[in-house]
Every structure is written in C-alpha cells, then in structure tokens.
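Q: 3D, please:
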Amino acid sequence: MASSGACQGCNSIVQLNVGGTCYSSTLTTLTRYQDSMLSSMFSGQWKVARDDQGRCFIDRDGSLFSYVLNFLRDSTLELPSDFSQFGQLMKEAEFYQIQPLIEAIQRERKRRSNHIYLYHNTDVRQYRMEGPSADVSSFGHRRKMWHSADGEQRAEVGIDGTEPITDIIDSLASSGYVLTHTSTSTTRKVMYCEYILRRHS
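A: Take a look at the predicted model:
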C-alpha cells in the first residue's frame, strides 16, 4: 500500500524493506545524489509504499541494495573479488538513477576484465578459476561462461586440487599473467586461498 506522502515521518532515520531485506539509513544518505530516484522518493516528490511494519518498501533486489547503499554512504564501490552479478547490479543502479554508481560499475567491470581469479578450497582439494575464456578453459572442466563489459568472453572452470599451485601460476605466467595478490581465510575450520593474477597490457 502507499502512504499519502513520502517518508518524511521517519525523521532522520529511515527504515527500508527492499525486496524483503531490511535496512536502516538516513535521509541524508538516501538523498545524497539529487538527480536520483531515491532522492525524489525521500524528498517528498513521490508517494512511498510501506510494508505492514511501516517500513518504506522498494520492490527491488534486496541483497544487491547493500552495494547501492554503501555507495551512497561514501561514494565508493566495494565488491567482493569473486563478484559476478555486474549485469544485475547495473540494472539496480539504472533503476535508482545514480549516475556516479553506473560509472563506477562500468570502470570496475573493465578493470576486472584483464584479471584471473583463482580460489582454492583446501577441504575438497579443488580449485575454481575465473577469467578470460581463452586463457582459463584449458585448465579444467568449464562451469559457466559470460561476456564482460567490453565484450570479452569469460569463463569459470574447476581444476583438480592436487595440482601444485606453483604449476598453475607458472602456466598462467607463460600467457602473460603476473600474480598480484594472495590471501587466506578460514571458515568453519576450512581454509580458503585466493590468488589474483593480472595480464600485462
């Protein structure tokens, strides 16, 4: 249902329900970009739908809205290294009409198009590699394919985890890739290793 006005009754704190996921923010954050749909919605120009708890309701992707909201907070796009939902995130940015976010997504998609991401789950002894299809497809069985922002075909492959990581990195080096980042994390006593390689221009 819709209220008779915008979300002005929420004072400085706004409770949101985006596609079933709840958030809290401020009017200052939500109206940061004056030409955006959110600014119009929360400045009194639009009627705002509410859920049965009185939260302002937006019928969009709730999980991706976290990236939108964080961008509104500090004007920085922070995405996980294995993020692959660029197409859908772009749709969200276009829906909310946040031009700086649209431009940030375009820059990040282009930046990542010359990278290979290699993940190792030591518990199941298997690697997952994502990068340009022509460079990664020969390493293992292909799981999925898509196109990057600049039209490059990319793929995700699975690789037998018994192969030494040094051999994989050396093979990628012969194709012009250089290891630029390594990190490890532990979740439920399982260690995950991440390697990022960049292709020379």
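
Q: Tell me which residues touch residue 152, please.
A: 113, 132 (CB atoms under 8 Å, 6 or more residues apart in numbering). C-betas here are computed from N, CA, C, even on glycine.

Q: now residue 143
A: Residue 143 neighbours (CB under 8 Å, 6+ apart): 128, 155-158.

Q: ok, now residue 75?
A: 32, 100.

Q: ok, residue 141 - how many residues close by?
A: 9 (other CB atoms under 10 Å).

Q: Helix or strand: which one has the closest residue in space to it that isn't next to it in sequence?
A: Excluding the flanking residues, the one nearest residue 141 by CB to CB, 6 or more residues apart in numbering is residue 158, at 5.4 Å. Per DSSP states H and E: residue 158 is located in strand 153-160.

Q: how about the strands in the chain?
A: 13-18, 21-26, 56-58, 115-121, 126-132, 141-147, 153-160, 177-187, 190-199 (DSSP state E).

Q: between those, which gets nearest to residue 40?
A: strand 56-58 (12.6 Å; CB to CB).

Q: buried sites along the closest one?
A: 56-58 (16 or more other CB atoms under 10 Å).

Q: Paired strands for the helix or strand bottoming out on mean pLDDT in the chain, with orientation please.
A: Ranked by mean pLDDT, DSSP states H and E, the weakest helix or strand in the chain is strand 141-147, scoring a mean of 77. Strand 141-147 sits in its sheet next to strand 153-160 (antiparallel), going by DSSP bridges.

Q: who's in contact with the partner strand?
A: With CB under 8 Å, 6+ apart, strand 153-160 has contacts from 113, 125-134, 136-137, 139-148, 168.

Q: List only those of these flagged as buried.
A: 113, 127-133, 136-137, 139-140, 168.

Q: between the residues you listed, which is closest to residue 99?
A: residue 113 (21.8 Å).

Q: what about the closest one, distance to residue 21?
A: 30 Å (CB to CB, to the nearest Å).

Q: count of neighbours near the residue nearest to residue 198 when sequence neighbours are not counted?
A: Leaving aside its chain neighbours, residue 198 sits nearest to residue 180 (4.9 Å; criterion: CB to CB, 6+ apart). Residues near residue 180, counting by other CB under 10 Å, number 10.

Q: in the protein, which ranges drop under the pLDDT threshold?
A: The model of the chain has pLDDT under 70 over residues 1-11, 148-151, 187-188, 201.

Q: can we see that at 90?
A: The chain contains residues with pLDDT under 90 at 1-12, 43-48, 80-87, 106-117, 119-128, 130-156, 158-165, 174-176, 180-194, 196-201.

Q: Great, nothing more from me.
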